[in-house]
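Q: Predicted model follows, preceded by the sequence.
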Amino acid sequence: MAPLSPESGLLPETTRRIDALVAQAQATGRAPSLILGVLRAPAAADPGPGGGLVHVATAGETPPPDPDIQYRIGSITKTMTAVLLLRQRDEGLLDLDDPLDRYLPGNPLGAVRLRQLLGHAAGLQREPDGEWWERSAGAGLDTLLAGLTSEKLAFPAHRTFHYSNLAYGLLGAVLERVTGESWWKLVRSRLLDPLGMVRTSYQPTDPYALGYVVHPWHGTLREEPRTDTGAMAPAGQLWASLADLARWAGFLAEPDPEILAPETLAEMCVPVAMADLDSWTAGYGLGVELHRVGDRVYAGHGGSMPGYVATLSVHRPSGTGVVGFANAYGLRAGSLPVLGRQVLTAVLDAEPAPVRPWRPATAPPAAEVAELTGRWWWMGREFEVAWEPTAEELVVTQLPVGAVPHWRFGRDGTGRWRGRSGMNNGEILAVRRDPTGAATALDIATFVFTRDPDRLD
């Protein structure tokens with residue numbers, strides 16, 4: 001239960017707290033083994049051999065947990081299916097507002113949209129027809145589609161959030177129809193190989209933990225089957241080590257642009273539906289679970305398959321995350337995803353956020369950019385415009401600093417300045433010029449900023 005390396009970066013009292021929480025969860029939950037890992041930026045962006053883990057806590061001995069041992073990740077698989085689908089959208093091969101019938105013609109589900117299926121807002125029932133798919137030998141796509149009827153729509157689309165494993169089996173089929181490749185080949189070639197996730201696989205590869213159901217009265221173990229779920233694989237098939245799952249968590253915190261554009265992953269973390277309408281503490285984006293804990297929002301997913309539970313949560317602004325496994329079908333007391341969020345909150349509350357060093361610019365900005373920097377006024381309020389060369393963005397800050405969140409503007413595909421954050425996200429910044437070509441005002445969504453504090457346009 002010691003840190004993975006001496007360079008943990010977590011305070012000793014934080015690691016002791018994590019270790020105690022994990023030990024308590026394993027004991028009261030009666031898990032044969034439980035393992036939980038913490039990752040932090042900048043390690044998440046350059047994970048190295050340990051997957052970016054800065055601390056690993058373990059409990060139980062069946063088997064003795066280790067960051068290289070595989071467990072089943074269950075529905076965390078859905079996050080990979082979603083990333084693949086969004087990548088196809090970015091490449092122009094599909095539209096999220098396309099009806100399912102465009103890719104699976106003749107299905108009886110009407111005009112449900114890919115976006116609704118991704119966000120569990122299509123009104124689709126939770127499971128396919130037949131035996132419990134998670135514990136049975138999987139059938140092919142033809143069998144999955146043959147089991148579809150209009151009665152599988154339990155609610156009108158977007159009427160309510162309703163979690164659906166079936167939706168992700170269908171989305172996997174869409175991926176295969178669009179690309180002409182199998183879902184697993186897409187996962188391996190477009191996600192796992194580029195990220196170096198060599199210990200993530202379709203079927204378990206040694207060493208891996210056996211999965212169990214724990215008898216409620218005498219604590220004996222019943223080993224569960226390790227199924228090939230067939231056409232339902234995109235909903236929950238995969239196996240991974242803790243180190244590999246940390247790599248994936250690091251990607252969800254800060255994606256590699258060669259795999260998925262950062263703005264696309266940010267789009268995935270926008271709520272499609274709220275799962276908890278009473279307190280708005282839980283929602284679902286495009287393939288990503290969202291949980292609000294205090295003033296923070298965590299993105300990720302939980303997972304379960306017979307004999308296993310798993311968790312992944314990241315706080316994207318800080319690049320901090322928690323991943324974990326247990327090889328029992330649920331904990332007798334508590335929940336592994338809840339434990340993961342508890343540990344993540346403890347780390348964020350107790351530890352200073354990693355600070356990325358400032359580095360001087362190598363050259364001043366181009367003249368047409370430099371003339372936009374400095375002081376501007378709007379309605380008697382003072383603003384500062386600065387240039388951030390690394391991101392190639394104009395940063396607009398109301399003074400005094402901290403009065404309101406700043407706004408960022410970068411060039412879009414047409415060369416215009418377009419907002420990338422805050423209330424002006426997506427808005428156009430237009431530069432007004434006098435007859436000589438000099439910049440005299442900044443027009444941000446019809447709000448005009450001038451160099452003269454006495455002007456109130």
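A: Alright, I've got the coordinates. Keep in mind the model is a prediction, meaning the values are calculated, not measured.
Q: May I ask you to confirm that V347 belongs to a helix?
A: Yes. Under DSSP: H, G, I helix; E, B strand; the rest coil, V347 falls within a helix.
Q: and the gap between it and T58?
A: As defined by CB to CB, to the nearest Å, V347 lies at a distance of 17 Å from T58. C-betas here are computed from N, CA, C, even on glycine.
Q: who's more crowded, those two?
A: Neighbour count, other CB atoms under 10 Å: between V347 and T58, V347 has more, with 25 against 22.
Q: from what I can see the more buried one touches L10, true?
A: Yes. Look at V347 against L10 with CB atoms under 8 Å: they come within range, at 6.9 Å.
Q: anything in contact with each of the two?
A: Counting by CB atoms under 8 Å, 6 or more residues apart in numbering, the contacts common to V347 and L10 are I18, V38.
Q: Assign the residue nearest to A328 when sequence neighbours are not counted to helix, strand or coil.
A: Spatial nearest neighbour of A328, chain neighbours left out: A31 (4.7 Å); criterion: CB to CB, 6 or more residues apart in numbering. Using three-state DSSP, the structure places A31 in coil.
Q: Can you give me the neighbour number for A31?
A: Around A31 there are 27 residues (other CB under 10 Å).
Q: same check, this time on E127
A: Count around E127 with other CB under 10 Å applied: 18.
Q: Kindly report the same for Q398.
A: When neighbours are counted by other CB under 10 Å, Q398 comes out with 16.
Q: any idea how far it lies from G380?
A: Taken as CB to CB, the span from Q398 to G380 is 12 Å.
Q: just A146 next, same as before
A: 68 Å.
Q: again with R359
A: Here the criterion is CB to CB. By it, R359 lies 36 Å from G380.
Q: Same question for P453.
A: 7 Å.
Q: Who has more neighbours out of those two?
A: Set P453 next to G380 and count neighbours by other CB under 10 Å: P453 wins out with 14 against 9.
Q: Tell me if I'm right that the more buried one and F383 touch.
A: No. Contact status for P453 versus F383: not in contact, 10.6 Å apart, counting by CB under 8 Å.
Q: overlap in contacts of the two?
A: W377.
Q: Okay, now the unreliable bits of the stretch 251-400 of the chain?
A: Within the stretch 251-400 of the chain, the ranges that satisfy pLDDT under 70 run 354.
Q: would you list every one of the strands in it?
A: Taking DSSP state E, counting those that start in this stretch as the test, the strands found in the stretch 251-400 of the chain are 273-274, 282-284, 289-293, 296-305, 308-315, 320-326, 374-378, 381-388, 393-398.
Q: Show me what the shortest one is in contact with.
A: Translated: strand 273-274. G119, H120, A121, H158, T160, F161, W280, A282, G283, Y284.
Q: swap in stretch 101-113?
A: 94, 96-100, 122-124, 145, 148-150, 152-153, 157, 170, 173-174, 177-178.
Q: Show me just the buried residues among those residues.
A: 94, 96, 99-100, 122-124, 145, 148, 152-153, 157, 170, 173-174, 178 (16 or more other CB atoms under 10 Å).
Q: In terms of residue numbering, what are the domains of the protein?
A: Under automatic domain parsing, the residue ranges defining each domain of the chain are 1-357, 367-450.
Q: so how far is the longest one off the chain centroid?
A: I take that to be domain 1-357. 9 Å (CA atoms, centre = their mean, to the nearest Å).
Q: and what of stretch 435-450?
A: Relative to its chain's centre, stretch 435-450 lies at 39 Å (CA atoms, centre = their mean).
Q: who's in contact with it?
A: 371-372, 376-378, 383, 385, 396, 407, 419, 424, 427-434, 451, 457.
Q: Flag the least confident of the buried ones among the contacts of stretch 101-113.
A: Among those, A157 has the lowest pLDDT, at 73.
Q: Which parts of the protein are helices?
A: 12-29, 77-90, 114-118, 141-146, 165-179, 183-187, 193-195, 233-236, 242-253, 262-268, 336-350, 367-370 (DSSP state H).
Q: Same list (the ones you listed) but as TSV, adding distance to R316.
A: Shown next, in TSV, are these (distance: least, CB to CB, whole Å):
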stretch	distance to R316
helix 12-29	20
helix 77-90	13
helix 114-118	18
helix 141-146	34
helix 165-179	22
helix 183-187	22
helix 193-195	17
helix 233-236	24
helix 242-253	5
helix 262-268	8
helix 336-350	12
helix 367-370	29
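Q: of all those, which lies closest to R292?
A: With CB to CB as the measure, helix 336-350 is the member of the helices of the chain nearest R292 (10.1 Å).
Q: Going by neighbour count, list what's buried in the closest one.
A: L336, P337, L339, G340, R341, Q342, V343, L344, T345, A346, V347, L348.
Q: With distance to T414 added, can I get those in a markdown table?
A: As requested, those are exported to a markdown table (distance: CB to CB, whole Å):
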| residue | distance to T414 |
| --- | --- |
| L336 | 47 |
| P337 | 43 |
| L339 | 48 |
| G340 | 43 |
| R341 | 41 |
| Q342 | 46 |
| V343 | 45 |
| L344 | 40 |
| T345 | 42 |
| A346 | 46 |
| V347 | 42 |
| L348 | 39 |
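Q: Correct me if wrong: I18 contacts A346.
A: Yes. Counting by CB under 8 Å, A346 is a contact partner of I18 at 6.8 Å.
Q: Return the most buried member of the strands of the stretch 251-400 of the chain.
A: Of the strands of the stretch 251-400 of the chain, the one with the most neighbours on average (mean count of other CB atoms under 10 Å) is strand 320-326, at a mean of 30.
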